[in-house]
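Q: quick one, structure for this:
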Amino acid sequence: MHIAVLSALNIYIIYVLQIIINPYIVDSEEYVPEYFVELIYNIVMLLVLSLSLINYFYMDNKKALLLFIASLCIVFSEVFNIAYLYVTETNMLNSISSALAILAFFFYYQQSGLENERAKGLVI
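A: Next up, the predicted model:
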């Protein structure tokens, strides 16, 4: 059930992002390769988020939680970055995007020093 809901959400988010990006890139033919690269990047980014959430459900420990939070920060950073690039060039959007990216790498660094062990009391 989790995978079905995550897949539906990922498809919806990709659809919305492509609606935002489409008028700016598809109008000229020279940006078509960039459009496909950005589409693949967005798909991979959302797959990483989904896999880190499933990992957190499975492992239920601090390392998995930090990995999920870092992936969530990366996704929100990229959403703010798309808003900055394609909707409006506000310095606040760029600052929030950069801060979330830095925060994500901080969480990735923090989780790299932890041991990967299951939470106590979990029986599978």
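Q: residues contacting the residue lying closest to Phe57 once chain neighbours are set aside?
A: Spatial nearest neighbour of Phe57, excluding adjacent residues (Cβ to Cβ, 6 or more residues apart in numbering): His2 at 6.6 Å. Where C-beta positions appear, they are placed from N, C-alpha and C, glycine not excepted. Contacts here follow Cβ atoms under 8 Å, 6 or more residues apart in numbering; on that basis His2 touches Leu53, Ile54, Phe57.
Q: buried ones among the residues you listed?
A: Using 16 or more other Cβ atoms under 10 Å as the burial test, the contacts of His2 include Leu53 as buried.
Q: what is the nearest of the contacts of His2 to Ser97?
A: Leu53 (21.5 Å; Cβ to Cβ).
Q: any idea how far Phe107 is from the residue lying closest to the closest one once chain neighbours are set aside?
A: In space, and not counting its chain neighbours, Leu53 is closest to Phe68: 5.6 Å by Cβ to Cβ, 6+ apart. Phe68 sits 9 Å away from Phe107, taking Cβ to Cβ, to the nearest Å as the criterion.
Q: rewinding a little: what pLDDT is listed against the residue nearest to Phe57?
A: If you check His2, the pLDDT there is 80.
Q: relative to Ile43, how far out is the residue positioned nearest the centre of the chain?
A: In the chain, the C-alpha nearest the mean C-alpha coordinate belongs to Val75, at 2.5 Å (Cα atoms, centre = their mean). Distance, Val75 to Ile43, by Cβ to Cβ: 12 Å.
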